[in-house]
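Chemist: my questions are about this predicted structure, shown below with the sequence.
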Amino acid sequence: MKQKSTMDYERILLKDPLFTEYSLRDVNDMDLLNLLYFLGDNSTYNHLNIIDSYCPICKKDTTFNSEQSDQQELSDLLGDAGMYSGFSGEKREITLIEELEKRCVFIRKFNCPRKPHDSAHSQIFIFRVIGTTLIKIGQHPTLADLSKQDLKKYRKLNDNIYSELNRAVGLSTHGVGIGSFVYLRRIIEKHIVYPKIQELIAEGTLTNEQISKSDFKEKIKLSKDKLSSFLVENTKIYSILSKGIHELEEEECKSYFPILRTAIEIVLDEEIEQKEKEKKNKLISDQLNKFK
Ligand SMILES: [Zn+2]
């Protein structure tokens, strides 16, 4: 990307879920055209030339190169929108959007540099323009496929955490807000806090009665010595998830999802770290005990 754009291409392509809508009213028409079209040898229309993503076939982080758009199609569009004759002012922008709406569907394809001619490796994005709104209507590989890679490490903790986090991310990438919150909450409640409480009860530190009398925040406090300090210090994580399921609108849940996902990943990362530390400590102390 050569200059500051009024459109965040990386976010649109690789972060926002399907069916996200973008108003075209405040967007610079050149930035918009650069999202929808790419002509490698034309410095006006070659701004979005690469994306940094993950190739699930090569199983490697990869910088993908944009495929060329149909030059004639872009040329016709510019002609119809009166953009060759140096028109200026507001009218031109409206005309461009109207012409985009007539063409309706736009496809961008980015190729894996290791196999540029094998489309199985390509990343494809499809947009639709309706009125003054742009909608991302398709993409493959799915955002869930791309983030699966980041989530794999949580298998180490247990398969349930991995599969429920995967489901949460999958729902969110398909534009489901409240549903994705349900899985995040289950991870905290069922797979992080509950097992620790069971351990404390088994050790005799807590009683079933204490637990049944406490709400979730109190349960976190009672088991704080065994929990990730990030979770204990940020009980808001659970309050927002709870509120989301009962009170927040679908759109609000969608917009909170990325920050909650990251918060839960921090908690899970702390758990992995803790487990690895325990494992190492045990290994070393076993070896030390072998010395008489
Ligand atoms: Zn590849």
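Modeler: Good, I have the coordinates.
Chemist: any idea how far L288 is from D41?
Modeler: 67 Å (C-beta to C-beta, to the nearest Å). Where C-beta positions appear, they are placed from N, C-alpha and C, glycine not excepted.
Chemist: meant to ask about S242, not that
Modeler: 55 Å.
Chemist: higher neighbour count, the two?
Modeler: Using other C-beta atoms under 10 Å as the criterion, S242 and D41 rank with S242 on top: 17 against 8.
Chemist: who are the contact partners of that one?
Modeler: Listed by C-beta atoms under 8 Å, 6 or more residues apart in numbering, the contact set of S242 reads 185, 216.
Chemist: can you show me the CA trace of the helix or strand containing it as PDB?
Modeler: Assigned by DSSP states H and E, S242 falls within helix 236-246. Output of helix 236-246 as PDB, limited to C-alpha atoms (Å, rounded to 0.1, in the frame of the first residue of the first chain):
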ATOM      1  CA  LYS A 236     -14.800  -8.000  33.400                       C
ATOM      2  CA  ILE A 237     -14.000 -10.700  30.800                       C
ATOM      3  CA  TYR A 238     -16.700 -12.900  32.300                       C
ATOM      4  CA  SER A 239     -19.100 -10.000  33.000                       C
ATOM      5  CA  ILE A 240     -19.000  -8.900  29.400                       C
ATOM      6  CA  LEU A 241     -19.600 -12.400  28.200                       C
ATOM      7  CA  SER A 242     -22.500 -12.900  30.600                       C
ATOM      8  CA  LYS A 243     -24.000  -9.500  29.700                       C
ATOM      9  CA  GLY A 244     -23.500 -10.300  26.000                       C
ATOM     10  CA  ILE A 245     -25.600 -13.500  26.200                       C
ATOM     11  CA  HIS A 246     -28.400 -11.800  28.200                       C
END
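Chemist: all further residue positions should be reported with the first residue as 3.
Modeler: Got it, the first residue is 3 from now on, which makes the last one we talked about helix 238-248.
Chemist: distance from the chain centre to that helix, please.
Modeler: 19 Å (C-alpha atoms, centre = their mean, to the nearest Å).
Chemist: ok, stretch 136-152 next?
Modeler: 8 Å.
Chemist: list the buried residues for that stretch?
Modeler: For stretch 136-152, a neighbour-count test (16 or more other C-beta atoms under 10 Å) marks 136, 138, 141, 143-146, 148-150 as buried.
Chemist: same check, this time on stretch 9-16
Modeler: Neighbour count says stretch 9-16 has 9, 11, 14-16 buried, by 16+ other C-beta under 10 Å.
Chemist: may I have that stretch exported as CSV, CA atoms only?
Modeler: Written as CSV, here are the backbone C-alpha positions of stretch 9-16 (Å, rounded to 0.1, in the frame of the first residue of the first chain):
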residue,chain,number,x,y,z
MET,A,9,-10.1,1.9,3.6
ASP,A,10,-8.3,-0.5,5.9
TYR,A,11,-7.6,-3.3,3.3
GLU,A,12,-6.0,-5.7,5.7
ARG,A,13,-9.0,-5.5,8.1
ILE,A,14,-11.6,-5.8,5.4
LEU,A,15,-9.9,-8.8,3.8
LEU,A,16,-8.5,-10.7,6.7
